[in-house]
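Peer 1: What follows is a predicted structure for the sequence shown.
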Amino acid sequence: MRAAVIAGGVGGAKFVKGLRAALGPEDRISVVVNTGDDMWLTGLRVCPDLDSMMYALAGMNDAERGWGREGESERVSAELAEYGVGWPWFTLGDLDLGTHIARTAMLQEGMPLSEVTDRLCARWGEAFRAPRTRLLPATDQEVETWVTAEEDGQVTEMHFEEWWVRTRASARAQRFVQRGVEQAGAGPGAREALAEADVILLAPSNPVVSIGTVLGLPGVGERPGLPGIPGIGEALREAAVPVVGVSPIIGTAPVQGMARQCLEVLGYDCSAAAAAQAYGARAGGGLLDGWLLAEEDAAALPALEGAGIRARAAPLRMRDETTSRRLAQDALELAAAISS
Ligand code: GDP
Ligand code: CA
């Protein structure tokens, strides 16, 4: 079985770990990872979602803090702060900086991000074999998500990570822009992974700034959409296999993070049903054939079915590898039911 997953960072990584546990050693997983959060910081190329995914799959992530490497120290960033370099509110751990330095060195040798990512993952060897798991940056070009936001009565543009980490999404966001998207193309292997997959899964990642920035969001009526990385949304729409998404939202709140503010910018409520609506049914030009939502949101099932999305209720909280594996199995079962 070849599974293709579209994912952001932390929520995506928990799901891919579960999928890895649910599949056999001969299976293959291709993860098309959001690169919209990437940025230049202190002279280094930082790729938050690729790193969250790589560290989690390698078992080297700090699960308690929710980001970065386990057993981290912060001597270098303390030193950088003394020089007034970087963002004081965005801490880069020493081990994490090692990744960014290595990545930047390879980029400067002329290697594209996709190849750099393969090289970085190769370090963790076994973790990415059996089932073979490949991380595919959504694009090799620099396409960054910027936010037009109102802060202290002033409208400014800031990088998504600044809006997220410095303002904790408190600056009132008006719109998201994917800077550089017009000149970009799908990363090598991303479209092929979708074309060759037996199943396509949308991880329970942020539907707007993790999945939407990769696949594009249709935008309905007055609601703005997102362009997505050219070619990837099209490849998903053309795929002859089921596309199943998992809700990152339970009840009226995301399991963690700020998906509510992101959905509101596009004119949606924060609910599992609204997230599915933002993706749209593939039958109607959207992205989904199937959708898993939490048991407490089961009341939304008939409306989704009516909108052409095969929806099912399942336990959605990924507390450990067992619950993550079960969620991945439920997604695969829904895909199998759609196929037959
Ligand atoms: P980020 O890029 O690091 O912000 O991570 P993602 O975009 O991949 O994932 C963020 C989303 O994951 C948030 O909207 C969370 O609600 C969702 N999430 C985190 N943990 C869980 C979980 O255990 N279950 C589900 N269903 N969603 C989760
Ligand atoms: Ca992210």
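Peer 2: Cool, the structure landed. Numbers count the residues shown, from 1 in each chain. Ligands and ions are numbered 1, 2, ... in the order given.

Peer 1: Quick check on the residue of the stretch 51-200 of the chain found nearest ligand 1: phi, psi?
Peer 2: Ligand 1 sits closest to Ser52 of the stretch 51-200 of the chain, with a gap of 5.1 Å, by C-beta to the nearest ligand atom. C-beta here means a position set from N, CA and C on the backbone, and glycine is covered the same way. The phi/psi pair for Ser52 (degrees, to the nearest 10) reads phi -60, psi -40.

Peer 1: give the contact list for the closest residue to ligand 2 within the stretch 51-200 of the chain.
Peer 2: Nearest residue of the stretch 51-200 of the chain to ligand 2, counting by C-beta to the ion: Ser52, 7.1 Å away. Shown in contact with Ser52 (C-beta atoms under 8 Å, 6 or more residues apart in numbering): Gly8, Gly9, Val10, Gly12, Ala13, Asn61, Trp67.

Peer 1: if we go to 7 Å?
Peer 2: Contacts for Ser52 were tallied using C-beta atoms under 7 Å, 6 or more residues apart in numbering; they are Gly9, Val10, Ala13, Asn61, Trp67.

Peer 1: any idea how far the residue lying closest to it once chain neighbours are set aside is from ligand 1?
Peer 2: Distances taken as C-beta to C-beta, 6 or more residues apart in numbering put Gly9 closest to Ser52, at 3.4 Å, once the chain neighbours are dropped. According to C-beta to the nearest ligand atom, to the nearest Å, Gly9 and ligand 1 sit 3 Å apart.

Peer 1: go on, Val31?
Peer 2: The separation that Val31 has from ligand 1, given C-beta to the nearest ligand atom, amounts to 11 Å.

Peer 1: Confirm that residue sits in a helix?
Peer 2: No - under DSSP: H, G, I helix; E, B strand; the rest coil, Val31 falls outside any helix and is assigned strand.

Peer 1: Tell me what it is bridged to.
Peer 2: Val5, Leu135 (DSSP bridges).

Peer 1: Any figure for the gap between it and Thr213?
Peer 2: 15 Å (C-beta to C-beta, to the nearest Å).

Peer 1: what does Ala149 give?
Peer 2: 17 Å.

Peer 1: ok, those two, which is more surrounded?
Peer 2: Comparing Ala149 with Thr213 by other C-beta atoms under 10 Å, the one with more neighbours is Thr213, at 29 against 23.

Peer 1: you'd agree that one is up against Asn34?
Peer 2: Yes - the criterion here is C-beta atoms under 7 Å, and Thr213 meets it with Asn34 at 5.6 Å.

Peer 1: just to revisit the earlier point, what score does the residue of the stretch 51-200 of the chain closest to ligand 2 have for pLDDT?
Peer 2: pLDDT, Ser52: 97.

Peer 1: With Leu316 as the reference, measure out to it.
Peer 2: Counting by C-beta to C-beta - Ser52 and Leu316 are separated by 19 Å.

Peer 1: Which residue would be the closest one in this protein to ligand 1?
Peer 2: Gly11 (2.1 Å).

Peer 1: How far off centre is the helix or strand bottoming out on mean pLDDT in the chain?
Peer 2: The helix or strand with the lowest mean pLDDT-type score in the chain, counting by mean pLDDT, DSSP states H and E, is strand 253-254 (a mean of 92). Averaging C-alpha positions (C-alpha atoms, centre = their mean, to the nearest Å) puts strand 253-254 16 Å from its chain's average.
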